[in-house]
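Peer 1: below: sequence and its predicted model.
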Amino acid sequence: MPLAAKIRGVPLRAVRPLTYLLPRKLGRPLRRDIRDRLALAEADAVFVSFPKSGRTWVRVMLSRLYHLHFDVAGEEVLEFDNLHRLDRRIPKILVTHDGEPWHTPEGLKRDKRAYAGRKILLLVRHPIDVAVSRYFHVRNRARWIPYPEYRDMPINAFVWAPLGGLPTIVAYMNIWEQARRVCDEFLIVRYEDFRAQPEATLQAVSTFLAIGARPEEVADAVSYAAFENMREKEAHGALQSHRLGARQEGNPDSLKVRRGKVGGYLDYFESAEVARMEAFVRDNLAATYGYGGTR
């Protein structure tokens with residue numbers, strides 16, 4: 001957080017109101033950064049992902065697991081310490097994208113030493129699916145974006161766009177792969193594994209976060225957050241979260257829970273473009289993630 005870091009001797013809570021004096025393009029990411037820095041100081045664990053990696057779905061499963069295991073009434077979705085306030089046995093979990101997605105690869109933050117000493121749960125998804133999901137989010141769901149020209153950009157151009165496109169997504173994932181070296185407790189979970197083996201994957205998360213959930217609780221949380229159930233709950237406002245709900249009446253692409261398809265990018269591009277994107281991922285992404293990278 002370069003600007004706030006330069007304001008020596010001024011508490012971050014005092015800096016935050018000043019960000020409203022800045023243009024929205026500058027003030028909004030700075031406010032989020034300050035919010036995350038303040039939360040990180042108190043967090044027991046951190047849940048990190050690039051935008052549109054399936055975080056909301058996983059968050060709903062995790063929230064349901066906490067409600068069940070600790071017998072907490074309601075359907076509140078995890079928001080840092082809201083569940084902790086209902087039952088102090090539930091940890092404070094910072095849920096973050098670790099910055100805004102509107103960056104070139106070179107503009108991403110690389111120093112992750114601030115996260116040392118925290119449990120880090122990193123959710124990843126195939127970067128091409130992430131890029132396509134971001135396209136539909138920007139086009140149909142985002143209320144405001146800092147670069148309005150991206151809203152009308154064709155999908156072929158959007159995927160390769162300099163700010164938040166496929167090269168940025170791959171660079172972000174590589175940076176976090178390197179961050180494992182400074183974080184003592186670090187778990188990578190893949191969206192695709194949640195789709196293929198949801199109970200086993202959620203059980204691994206439960207173990208990592210020391211929830212101690214029983215198999216029947218895990219099964220319930222998976223069923224509760226099943227794709228069809230999630231769409232139904234979102235359409236009817238059943239979940240207690242400001243993040244959910246259609247943004248355009250009658251447009252299913254404006255729902256937060258849109259398709260959830262693994263390899264969905266194959267439906268939107270010609271074979272030559274698919275080959276180009278897959279080659280980029282194969283040649284540039286860390287092999288750790290299992291998406292064909294060779295680095």
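Peer 2: Alright, I've got the coordinates.

Peer 1: count of neighbours near Leu62?
Peer 2: For Leu62, the count of nearby residues is 26 (other Cβ atoms under 10 Å). C-beta coordinates here come from the backbone N, C-alpha and C atoms, glycine included.

Peer 1: tell me the contacts of the nearest residue to it once chain neighbours are set aside?
Peer 2: Closest residue in space to Leu62, ignoring its immediate chain neighbours: Leu78 at 6.1 Å, by Cβ to Cβ, 6 or more residues apart in numbering. By Cβ atoms under 8 Å, 6 or more residues apart in numbering, the contact set of Leu78 is Arg59, Leu62, Ser63, Tyr66, Ile93, Val95.

Peer 1: please redo it, this time with the cut-off set to 10 Å
Peer 2: Counting by Cβ atoms under 10 Å, 6 or more residues apart in numbering, Leu78 makes contact with 47, 58-60, 62-67, 84, 90-93, 95, 241.

Peer 1: in the stretch 101-250 of the chain, where is pLDDT below threshold?
Peer 2: 231, 233-250 (pLDDT under 70).

Peer 1: ok, back up a step: please, which helix or strand holds the residue nearest to Leu62?
Peer 2: Under the criterion DSSP states H and E, no helix or strand holds Leu78.

Peer 1: tell me the pLDDT of it.
Peer 2: Leu78 carries a pLDDT value of 96.

Peer 1: related to what we said a few turns ago, in strands, which of the contacts of Leu78 appear?
Peer 2: The members of the contacts of Leu78 that map onto strands under DSSP state E are Phe47, Ile93, Val95.

Peer 1: excluding sequence neighbours, find me the nearest residue to the residue nearest to the spatial centre of the chain.
Peer 2: The centroid of the chain falls nearest to Ser49 when counting by Cα atoms, centre = their mean (3.6 Å). Leaving aside its sequence neighbours, Ser49 sits nearest to Leu123 (Cβ to Cβ, 6+ apart; 4.1 Å).

Peer 1: skipping its backbone neighbours, what lies nearest Leu209 in space?
Peer 2: Leu209 sits nearest to Ala45 (Cβ to Cβ, 6+ apart), 6.0 Å away.

Peer 1: bridging residues for that neighbour?
Peer 2: Beta-bridge partners recorded for Ala45 (DSSP bridges): Ile93, Lys119.

Peer 1: residues contacting it?
Peer 2: So Ala45 contacts 91-95, 118-121, 185, 187, 208-210 (Cβ under 10 Å, 6+ apart).

Peer 1: which of the contacts of Leu78 are buried?
Peer 2: 47, 58-60, 62-67, 84, 90-93, 95, 241 (16 or more other Cβ atoms under 10 Å).

Peer 1: where is the longest helix in the protein?
Peer 2: Counting residues, the longest helix found in the chain (DSSP state H) is helix 24-40.

Peer 1: that helix packs against which elements?
Peer 2: Packing partners of helix 24-40 (3 or more Cβ pairs under 10 Å, 6 or more residues apart in numbering; DSSP states H and E): helix 2-5, helix 12-15, strand 45-49, strand 93-96.

Peer 1: go again using 8 Å as the cut-off
Peer 2: If contacts are counted by 3 or more Cβ pairs under 8 Å, 6 or more residues apart in numbering; DSSP states H and E, helix 24-40 sits against helix 2-5, helix 12-15, strand 93-96.

Peer 1: tell me, what's the model's pLDDT at Lys261?
Peer 2: At Lys261, pLDDT is 82.

Peer 1: run the chain-centre distance for stretch 168-185.
Peer 2: 14 Å (Cα atoms, centre = their mean, to the nearest Å).
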